[in-house]
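Engineer: Just to be clear, the model below is a prediction. Sequence and coordinates:
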Amino acid sequence: MKRPRLESLLSPGALRTFFQPVVELAGARVHYVEALTRGPENTSFERADVLFDYARLCRSEALVDRACVAAVCAAARRLPARTHFGLNVHASTLASDPDFLAHLSDNLLLRDIEPERLVVEIVEHAPRFSGPLLAEALDSLRRIGVRLALDDVGSGESNYRMMLEVQPDYLKLDRVIVQGCDADDRRAAVIESLVLLGRRFGARVVAEGVETAPELLAIERLGVGLVQGYLLGVAAPLDPAPLAEAVAAKGVTRSSANPS
């Protein structure tokens with residue numbers, strides 16, 4: 001892979017930030033918004049999977065994560081005051097880049113963003129990264145008030161060992177588990193077991209990729225309290241505050257939600 005293309009992706013303004021709500025079913029309100037990074041418009045890199053697969057091919061996850069931090073923190077200034085937001089970071093970045101946390105802290109300070117507003121969503125698509133540097137990074141994030149989410153639970157490297165190491169505040173269930181859970185008893189059983197596990201861990205469960213009303217009803221019935229997906233809000237580069245009213249207008253709770 002040619003480095004100039006990667007360097008152009010990392011240049012200021014090349015990465016765009018979209019926000020998608022994570023909705024609290026109890027009260028039909030926005031719990032926090034996830035920041036989703038896209039590459040330049042009208043290129044293949046505007047697809048997140050292409051962008052991050054390319055970063056991994058170049059073995060440049062940390063460089064791309066740093067660029068995402070700068071872009072997301074700049075965009076987060078447009079959010080309503082005290083809105084919490086999620087930011088994706090590779091576990092490999094936390095385990096291999098000793099200066100990443102200083103970079104994150106500097107960008108939060110530059111944009112006058114309190115660390116308590118941030119949820120670091122840990123992703124990994126390579127063999128598991130662990131060791132003292134990862135543990136130290138996670139501890140440092142917790143000490144400054146950042147909450148942790150384990151992303152893509154049920155696929156890739158987000159397995160039980162990662163749960164033990166990260167000790168997350170949120171378990172985000174991958175779409176592969178959520179899709180069709182209303183009509184698949186096996187998927188429903190997996191979700192139910194992860195809800196119970198989340199309670200034992202003291203972690204809230206988020207169902208990602210909810211796209212149909214039957215899926216939403218099944219998710220609520222299984223005890224999941226937080227939902228993300230096109231049904232309740234698309235990823236958009238705009239201020240997500242009006243999404244709270246849109247979510248409420250959909251009448252997402254058909255019964256009393258049972259938050260995990």
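Structural biologist: That came in fine, so what should we check first?

Engineer: only C-alpha atoms for contact and neighbour calcs from this point on.
Structural biologist: OK.

Engineer: Run through the neighbouring helices and strands of whichever strand or helix holds L133.
Structural biologist: Using DSSP states H and E, L133 maps to helix 132-143. Secondary-structure packing of helix 132-143 (3 or more C-alpha pairs under 8 Å, 6 or more residues apart in numbering; DSSP states H and E): helix 91-96, helix 160-166.

Engineer: Helix or strand next in line after it, which one?
Structural biologist: Assigned by DSSP H and E, the successor of helix 132-143 is strand 147-153.

Engineer: For that following strand, name the packing helices and strands.
Structural biologist: On a contact count with 3+ C-alpha pairs under 8 Å, 6+ apart, strand 147-153 meets strand 118-123, helix 160-166, strand 170-173.

Engineer: now do 6 Å
Structural biologist: In this structure, strand 147-153 packs against strand 118-123, strand 170-173, with contacts taken as 3 or more C-alpha pairs under 6 Å, 6 or more residues apart in numbering; DSSP states H and E.

Engineer: Tell me which of these is the most buried.
Structural biologist: Highest mean neighbour count among these (mean count of other C-alpha atoms under 10 Å): strand 170-173, with a mean of 26.

Engineer: Just give me the neighbour total for the residue nearest to G180 when sequence neighbours are not counted.
Structural biologist: For G180, ignoring the flanking residues on the chain, the nearest one in space by C-alpha to C-alpha, 6 or more residues apart in numbering is E215 at 6.4 Å. Neighbour count for E215, taken as other C-alpha atoms under 10 Å: 20.

Engineer: Could you do the one 3 residues further on as well?
Structural biologist: Using other C-alpha under 10 Å as the criterion, A218 is surrounded by 18 other residues.

Engineer: could you give the mean pLDDT of the host helix or strand of it?
Structural biologist: Of the helices and strands defined by DSSP H and E, A218 is found in helix 213-221. Mean per-residue pLDDT for helix 213-221: 97.

Engineer: rewinding a little: need the CA coordinates for the helix holding L133. PDB is fine.
Structural biologist: Extracted C-alpha coordinates of helix 132-143, given in PDB (Å, rounded to 0.1, in the frame of the first residue of the first chain):
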ATOM      1  CA  PRO A 132       0.500  -4.200  31.100                       C
ATOM      2  CA  LEU A 133       0.300  -1.300  28.600                       C
ATOM      3  CA  LEU A 134      -3.300  -2.000  27.800                       C
ATOM      4  CA  ALA A 135      -4.200  -2.500  31.500                       C
ATOM      5  CA  GLU A 136      -2.500   0.800  32.400                       C
ATOM      6  CA  ALA A 137      -4.300   2.600  29.600                       C
ATOM      7  CA  LEU A 138      -7.700   1.300  30.700                       C
ATOM      8  CA  ASP A 139      -6.900   2.300  34.300                       C
ATOM      9  CA  SER A 140      -5.800   5.800  33.200                       C
ATOM     10  CA  LEU A 141      -9.000   6.300  31.200                       C
ATOM     11  CA  ARG A 142     -11.100   5.300  34.200                       C
ATOM     12  CA  ARG A 143      -9.200   7.600  36.600                       C
END
